[in-house]
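>>> Turn this into a structure:
(2 chains)
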Amino acid sequence: MTHRHSASSLDHSETTAPSPPRDLKIAGDAPSEKEAVLIPVESQRSWGRALRERGPATLRKVSLVCALLTVLGLGVAVLALHLGSEPIPRTIVGRILWAHLFGQTGEPTIAEVIIWRIRGPRVLLGLAAGAALALAGTLLQALLRNPLAEPYVLGVSGGAALGAILALLKWEAVPMARPLLAFLGAALTMALVYAMSRSRTGMSTERLVLAGVMTATLLWSVIALVLALVPNPRLRGLTFWMMGDLSGGGNGMLPFILGVVIGACVLAYVHARELNLLLVGEEEARLLGVEVERVKTLIYLLASLLAGGIVSVAGAIGFVGLVVPHLVRLLWGSDHRVVIPAAALSGAIVLTLADALARTVLAPRELPVGAVTTLLGVPFFFLLLRRA
Amino acid sequence: MLEARDVTFAYGTRCALVGVSLVVAVGEVVALVGPNGSGKTTLLRVLRGVLRPQSGEVLWEGKPLVRFSPRELAQAFGVIVQDARVGFRMTVLEYVLQARFPYSRGFGFESEADVRSALWALQLTRALEFKDRWMTELSGGERQRVVLARALAVEPRVLLLDEPTANLDLRFQVEMLSLIRRLTRERALSSVFVAHELNLVAEFADRVLLLKDGRPLAFGSPSEVLTETMLQHAFGIRVCVDRNPLSGLPRITVSGREAQSLCPERNTCEEERR
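So this is what the prediction gives:
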């Protein structure tokens, strides 16, 4: 009713009145404070400082972080193409990539087949899976307001794996059965863990981790039972797959997986500010006008889709979703406008490196990449648990 | 103007508010007082529209709250909830800047004007000096001032503050309540706060609503409401009320030297219904 008159009556009583922000003057405190208020924070900053700076994300910081990680990611991808049981010189890797990307295909050499048919899809799958896992971890952590949340720890990957195995046994001929059932398994597991970790007093870290660990144990036991009881020769190779394995290169599902990952990144990024508010608290977010239920449902579906999609083609790869978002937050703060792209890119880098490691450490034998990430990730998890 | 008309609210079967009415005029500060569990926080949440009352209604500027969009309400109400905490690495400025969300819908970055509002609010609550610290590193009192800054950064028309003086030392209790009263007058706000320090309530509130077991015991000026009989009835202990020599307003004194629990009678909702 009467806001306007009061605002105008304020303008000439600045000495005593706390004036509205647009004509802010500071009485004469420390000069540093004065500068902080009067100089627009955006305008005078070096690029280097923008990277290290605390505080709300700016367009400059986001683009800088993304550019840095993209360059790093491309480097790692080329390195991963070069490494393997048959190392191919980087100059040749570069030449082959160049030739294929710009349509000058000559006669197929062995190196070309290795790069384009075998390592290429595998590296792409690694990039996509790493991005998906880190993004799923980031989303779950915001949704549950808990830095320990992650698809593998919460049993969501186990649920997806059970779904994928079920699809393999029952509906092998149905084209999209595997990712679809993996998604369903992930979504159901998450709903279960979420329901179990809630009590009348709200949600606690202890209950969440406990519920997740119990669910995961249960699911992996069920999977072990299924594998033991069903004498299906097709399931033999599954033990390796269950521990995380990128060697299939997606088996024709690569375009689908890439689509899911990119789509999920975009959808999540559009809701970055809502996620920031959710990090503080659901009630606080609602008070500031966030449609909490809608955002939560979306995040829940996206995380399940990512976890299900990745598990159905690459098995259960643990701890990338835990370690990567945490490191990103340590480096650049918790603002999701930075965290979402940075976690996706870093996840891609980390998993590609881990897979290169898995391929080369005991070459020509290969290790399951999930074992590598878990070996590296568990100590980190303990560290986090002690600090939580 | 914010108005609650004969509001009744129950969590399931447990009655939290019974027939509460309240008017907060423009430029007025109203305090909610009463024992723990008497429905103060519930009333704040009903006033904000977070809880929908089973009967009665809440009006803002003469219109029922349900007629406003969530965004309009988010722009109009500055709210502090009890025991606000952040578990992630987030700077004070980031936290306060979040209050600008209702002004710029959807994705994007905060404008310079948003940053200025946040800094202005931080300066008012004397929290500007630690704007770049992590929320997790703050002391209880520092956090409380930042939380108040977040409510002010909304540039609201209504302030609903649940224990704004919690964790603050004596000086900051006085400073923050003075600030709230000054802003309420100068920016024509309607403010409601919950506090347990009855002497501060007497000094800073224009009117006081005393609640007990979800029922209004009294609503009026501090000297009308904060009387010996009322307070003894509400809290079940002996109190002495005289005049504050500095302000002439009621002064509430208790003694720790004698056993003074008057038998507290708690009537429940069920009894009331019969």
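
>>> OK, contacts around the residue of the stretch 151-300 of chain A found nearest chain B?
Ranked by C-beta to the nearest C-beta, the top residue of the stretch 151-300 of chain A for proximity to chain B is A:Gly289, at 3.2 Å. For every residue, glycine as well, the C-beta is placed using N, CA and C. A:Gly289 makes contact with B:70-71, B:73-75, B:101-102, according to C-beta atoms under 8 Å, 6 or more residues apart in numbering or on different chains.

>>> and chain A, which of those residues reach it?
Restricting the contacts of A:Gly289 to those touching chain A (C-beta under 8 Å from any C-beta of the partner chain) yields B:70-71, B:73-75, B:101-102.

>>> Of all pairs in these, which one is the farthest apart?
B:Leu73 and B:Phe101 (12.8 Å; C-beta to C-beta).

>>> need the contact list for whichever residue of the stretch 1-150 of chain B sits closest to chain A.
Using C-beta to the nearest C-beta, B:Ala74 is the residue of the stretch 1-150 of chain B that sits closest to chain A, at 3.2 Å. Listed by C-beta under 8 Å, 6+ apart, the contact set of B:Ala74 reads A:287-289, B:101-102, B:154.

>>> Need the nearest residue in space to it, chain neighbours excluded.
Nearest residue to B:Ala74, sequence neighbours excluded (C-beta to C-beta, 6 or more residues apart in numbering or on different chains): A:Gly289, at 3.2 Å.

>>> so that neighbour sits in a strand?
No: read with DSSP: H, G, I helix; E, B strand; the rest coil, A:Gly289 is coil and lies in no strand.

>>> thinking again about what came up before, show the buried residues in the contacts of B:Ala74.
Taking 16 or more other C-beta atoms under 10 Å in any protein chain shown as the criterion, what is buried in the contacts of B:Ala74 is A:287-289, B:101-102, B:154.

>>> ok, residue 71 - how many residues close by?
You didn't say which chain, so I picked chain A. If you count neighbours by other C-beta atoms under 10 Å in any protein chain shown, A:Val71 ends up with 10.

>>> not what I meant, chain B
Around B:Arg71 there are 16 residues (other C-beta under 10 Å).

>>> Make sure it is actually in contact with B:Pro102.
Yes: with contact defined as C-beta atoms under 8 Å, B:Arg71 counts as touching B:Pro102 (5.4 Å).

>>> And the helix or strand where A:Ala182 lies, what does it pack against?
Applying DSSP states H and E as the criterion places A:Ala182 in helix A:177-197. When contacts are defined as 3 or more C-beta pairs under 8 Å, 6 or more residues apart in numbering or on different chains; DSSP states H and E, helix A:177-197 packs onto helix A:156-170, helix A:205-229, helix A:292-314.

>>> Out of these, which is closest to B:Gly141?
helix A:205-229 (25.9 Å).

>>> next helix or strand past the closest one?
In the C-terminal direction from helix A:205-229 (assignment by DSSP H and E), the next one is helix A:238-242.

>>> Show me what counts as buried in that next one.
A:238, A:240-242.

>>> same deal with stretch B:79-99?
By 16+ other C-beta under 10 Å, the buried positions in stretch B:79-99 come out as B:79-81, B:84, B:86-99.

>>> The closest residue to A:Gly94 other than its chain neighbours sits in which helix or strand?
Closest residue to A:Gly94 apart from its sequence neighbours, by C-beta to C-beta, 6+ apart: A:Val78 at 7.1 Å. Here A:Val78, judged by DSSP H and E, is contained in helix A:59-82.

>>> outside of that helix, which residues touch it?
A:42, A:45, A:47, A:50-51, A:53, A:88-90, A:93-94, A:97, A:115, A:119-120, A:123, A:126-127, A:332, A:337-338, A:341-342, A:345-346, A:348-349, A:352-353, A:355-356, B:109.

>>> Restricted to helices, list those.
Counting by DSSP state H, the part of the contacts of helix A:59-82 found in helices is A:47, A:50-51, A:90, A:93-94, A:97, A:120, A:123, A:126-127, A:332, A:337-338, A:341-342, A:345-346, A:348-349, A:352-353, A:355-356.

>>> What pLDDT does the model give A:Tyr37?
No, residue A:37 isn't Tyr; it's Val. You'll see A:Val37 listed with a pLDDT of 48.

>>> meant to ask about B:Leu17
Model confidence at B:Leu17 (pLDDT) stands at 92.

>>> Show me what the host helix or strand of it packs onto, helices and strands only.
Using DSSP H and E, B:Leu17 maps to strand B:14-24. With contacts taken as 3+ C-beta pairs under 8 Å, 6+ apart, strand B:14-24 sits against strand B:2-11, helix B:40-48, strand B:55-60, strand B:190-194, strand B:207-212, strand B:215-220, helix B:269-273.

>>> The third one - what's its average pLDDT?
Right, strand B:55-60. Taken as a whole, strand B:55-60 has an average pLDDT of 93.

>>> Show me which positions of it end up buried.
Quick answer for strand B:55-60 (16+ other C-beta under 10 Å): B:56, B:58, B:60.

>>> got those as JSON lines, with distance to B:Val146 columns?
Shown next, in JSON lines, are these (distance: C-beta to C-beta, whole Å):
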{"residue": "B:Gly56", "distance to B:Val146": "34"}
{"residue": "B:Val58", "distance to B:Val146": "28"}
{"residue": "B:Trp60", "distance to B:Val146": "27"}
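
>>> Just the closest of the residues you listed to B:Asp132, please.
Among those, and counting by C-beta to C-beta, the member closest to B:Asp132 is B:Trp60, at 36.1 Å.

>>> Excluding covalently adjacent residues, which one is nearest to that closest one?
Counting by C-beta to C-beta, 6+ apart, B:Trp60 lies nearest to B:Leu2, which is 5.3 Å off, once chain neighbours are set aside.

>>> Where does pLDDT dip in chain A?
Applying pLDDT under 70 to chain A picks out residues A:1-50, A:85, A:104-107, A:199-205, A:232-237, A:249-251, A:387-388.

>>> and it, what are its domains?
Domains of chain A are assigned by automatic domain parsing as A:1-39, A:123-387.
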